[in-house]
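>>> Give me a model of this one.
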Amino acid sequence: MVRWRRAAQLAKLLVVAPMLPVTGAVAQTDPMWLAQQMGTWYRSAARAAPGHWGIAVADQAGKILWSLNPDDPLIPASTVKVFTTGFARTVLGGTARRPTRVIGAGAVDPKTGEWIGSWGLELNGDPTLERGQGAGPTLYDLTLQLASAGIRKLTGPLNVQSADGPATAAYPAAWSRHHWGRLFAPLIGPLTVNENIVWVTVVPGARPGARPRLVGESPEGIGSLMRMEASTRAGRRAKISMRARGEGGWTISGWIGSHARPRVLTAVAGDPRIVLNAAWGHALRRAGIAWNPSAYIGAPPTAAPRVLAEVSSAPLDSLASEINRRSLNYGAELLLQWAAGRETGAERLTAHVKEITGIGSGVELSDGSGLSYADRVTPAMFISYLAKFPNTAAGRNFPQLLPANGTGTLHRLNSGFPGEGVVRAKTGTLGQVSNVVGYLGRSEGTLLVALMYNGSRPWAARQAQWRLFRMLGAHGVVIPNDSLPEGLVPHFGGEEADSDVVWPTAADSMADDTVEAPADSSR
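This next block holds a predicted model:
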């Protein structure tokens, strides 16, 4: 109670303090109006969601206009992705792409079309690889390139490598084991296929007693790893599930009604290499290439390894925009590995935030996605980063990388605004966490907002947070892009998946800010 009173007294001092001029000659929201609005809102929010609140509202230069506990370190959840996006952009640039390649040393036998020599796949952690439905590059794209080069036969087991170390995928040590096996927490690493999850669509058999059928799968070829033990019954209901087998693959059991709608079953890939083998074999068959995975015995190749086929991800800005829009934990961790390597990513990310803000405390990060319960950030640190990063060389148009109101994880914030883009913000949700951090456009200047709640009523806190954004943004303006010289404008869209994609992904299990969503999916 004492700490709350002190914070409230500080807040009163802040909101009546004379305001300093800001760059761009932009007038600021009237402090008395803001103090009245924030005070009324917070009293209601605290009643609906008692707990630990940390709040800061600032002008676009980062000068705090209203605050409550702004220096208290709180669990940030997926708002960490704001930092990860900025860090990756700083290190790699917004146009960087992640390649996937077939590497080989040898030559094609012109008579038989057989590749004589060594070959293998180079996977580098493209989060969109083999995601299906045209949402990213595919293994089939690679095999078509091999076929166009005259290759009709490959011999030898699939060798998988990465440009920056072993081609592996592992569960991050910073994540709670409670999340193991859940779709929002798959294995992370260069070895990535369809976000390291699998899904199949099951429909009833032709008649009761018949085996159900698979009519959809991702990645393509995963059906070969499914063992169908389910049955078809009369009716419209279903009780059907998919469980992993010890030797690899999955068993589908239960039953589905003869008039039931299709059922989509999903699972985390416990061994992505098995999935990759199935998907690679399927892609080769589609391209007309025979593959004998037996060990190849022959003369060692004399030529140096070279790239036989290559596909690339969308530019980093497009990936980051989608990762923030879907709050994709998997993609954020891959961005961090891409920018900082696999061992010191969290330390370098923390150092980046401190360097940008010029503040030596107020942030300690254990991962790049925010799924770790050990992460801590203060509202004041978020405000400082939101204010200062867009003024760096890597920060131009940074707000545009965050979801707009009515889209992605802000889909519930779809009314009460003059248009899409008045708000650009990132949510963060865990079992007892509800945060929203970002930008809110107003005619007198863009506001920076950090609303952080750690407590037992996160859903009620989120509704209160939405009410504040609607109140402050009711007469807002769309946040504009920066004016950049031609050729320097970052890429923000066009190649990312639409927000209403119909195929399952890891994010589909955790549609942010809904009552039905898992409470601890870090969004």
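>>> When you work out contacts or count neighbours from here on, use the C-alpha atoms and nothing else.
Will do.
>>> Just give me the neighbour total for Ser372.
22 (other CA atoms under 10 Å).
>>> Oops, could you answer that again for Gly216 instead?
Gly216: 17 surrounding residues under other CA under 10 Å.
>>> now it, which residues is it bridged with?
Going by DSSP bridges, Gly216 is paired in beta bridges with Thr201.
>>> tell me the contacts of it?
Residues near Gly216 by CA atoms under 8 Å, 6 or more residues apart in numbering: Val200, Thr201, Val202.
>>> can I get those residues in TSV with pLDDT?
As requested, the contacts of Gly216 are arranged in TSV below (pLDDT from 0 to 100):
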residue	pLDDT
Val200	97
Thr201	97
Val202	98
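>>> Of these, which is the most crowded?
Among the contacts of Gly216, Val200 has the most neighbours (other CA under 10 Å), with 25 neighbours.
>>> Apart from its chain neighbours, what residue comes closest to it?
Among residues not flanking Val200 along the chain, Glu217 sits closest, at 4.3 Å (CA to CA, 6 or more residues apart in numbering).
>>> close enough to count as contact, that neighbour and Asn194?
No: using CA atoms under 8 Å, Glu217 makes no contact with Asn194, being 10.7 Å away.
>>> More neighbours: the two, which one.
Using other CA under 10 Å as the criterion, Glu217 and Asn194 rank with Asn194 on top: 25 against 20.
>>> Local confidence estimate at that one?
At Asn194, the model reports a pLDDT of 95.
>>> burial of the closest residue to it other than its chain neighbours, as a residue count?
Excluding its sequence neighbours, the residue lying closest to Asn194 (CA to CA, 6+ apart) is Arg131, at 4.3 Å. By other CA under 10 Å, 25 other residues sit near Arg131.
>>> Contact partners for Arg131?
If you count contacts by CA under 8 Å, 6+ apart, then Arg131 has Pro137, Thr138, Val193, Asn194, Glu195, Ser218, Pro219 around it.
>>> what's the closest of those to Asn329?
Glu195 (10.2 Å; CA to CA).
>>> right, and the closest one touches Gly125 too?
No: counting by CA under 8 Å, Glu195 does not reach Gly125; the two are 9.4 Å apart.
>>> Turn the contacts of Arg131 into a markdown table, including distance to Val423 and secondary structure.
Output for the contacts of Arg131, formatted as a markdown table (distance: CA to CA, whole Å; DSSP: H, G, I helix; E, B strand; the rest coil):
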| residue | distance to Val423 | secondary structure |
| --- | --- | --- |
| Pro137 | 31 | coil |
| Thr138 | 34 | coil |
| Val193 | 33 | coil |
| Asn194 | 31 | helix |
| Glu195 | 29 | helix |
| Ser218 | 34 | strand |
| Pro219 | 35 | coil |
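>>> among these, who's most crowded?
Counting neighbours by other CA under 10 Å, Glu195 comes out on top of the contacts of Arg131 with 30 neighbours.
>>> three-state assignment of the closest residue to that residue other than its chain neighbours?
Spatial nearest neighbour of Glu195, chain neighbours left out: Pro127 (6.0 Å); criterion: CA to CA, 6+ apart. At Pro127, secondary structure determined by DSSP: H, G, I helix; E, B strand; the rest coil is coil.
>>> What is the burial count for Pro127?
With other CA under 10 Å as criterion, Pro127 counts 30.
>>> can you check Trp41 too?
16.
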